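the sequence and its predicted three-dimensional model are supplied below.
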Amino acid sequence: MAADFRELRVWEEAMVMVEKVYELASAFPVEERFGLGSQIKRAAISVPSCIAEGNARYSTRDYLRFLSMASGSLAEVLTQVLLAARLGFVRQIAVDAFLAQHRAVSLQLQALRKSLQRRNARSAGDLHSPFPVPFSPLR
């Protein structure tokens, strides 16, 4: 586990994604800046924030829970960007740049979750006695 969330590549990539979302939202019509614009920025900010908060937790289980929330926020941002594109608020080239960044964050987040899940499964096995447990039909 990285000692500092700022050392995580997925956190850095998520921060870049937030910057892209802010660029996208700046192109929204004025009447949408406090509607969809505000919502999309909050959801985007949630991704690196959850990664950072999970990294600061003292258990792998908590870390995984926060990474799960980051994944949910990532899906929320994707939905909102696709909606903004459907409504004609943003240019396709900006959407394509966002989609590439979103994919990078998604893949890295998934890889981190799998790595932590494997470690969590291994450490759960460490809690058991190194001695074999005799079979008992009374169990």
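That came through, no problem. Residues are numbered from 1 along each chain as shown.

so where's the longest helix in the chain?
helix 92-126 (DSSP state H).

for it, which helices and strands make contact with it?
helix 9-26, helix 60-86 (3 or more C-beta pairs under 8 Å, 6 or more residues apart in numbering; DSSP states H and E). To be clear about C-beta, it is placed using only N, CA and C from the backbone, and glycine gets the same treatment.

helix or strand: which one has Ala2?
Using DSSP states H and E, Ala2 is not contained in any helix or strand.

ok, it to Gly54 distance?
11 Å (C-beta to C-beta, to the nearest Å).

these two: which has the busier surroundings?
Shown here are Ala2 and Gly54; by other C-beta atoms under 10 Å, Gly54 has more neighbours (24 against 12).

chain neighbours aside, what residue packs nearest to the more buried one?
Nearest residue to Gly54, sequence neighbours excluded (C-beta to C-beta, 6 or more residues apart in numbering): Phe66, at 2.8 Å.

does that neighbour touch Glu53 like I think?
Yes. Judged on C-beta atoms under 8 Å, Phe66 makes contact with Glu53 at a distance of 5.3 Å.

dump the helices and strands packed on helix 92-126 to TSV, plus mean neighbour count.
Output for the helices and strands packed on helix 92-126, formatted as TSV (neighbours: other C-beta atoms under 10 Å):
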stretch	mean neighbour count
helix 9-26	19
helix 60-86	18
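
and of the ones you listed, who's closest to Ile45?
Ile45 sits nearest to helix 9-26 of all the helices and strands packed on helix 92-126, at 5.9 Å, using C-beta to C-beta.

relative to helix 60-86, how tilted is the closest one?
Here the directions of helix 9-26 and helix 60-86 differ by 30 degrees (axes from the mean of the first three to the mean of the last three C-alpha atoms, to 10 degrees).

brilliant, that's me finished.
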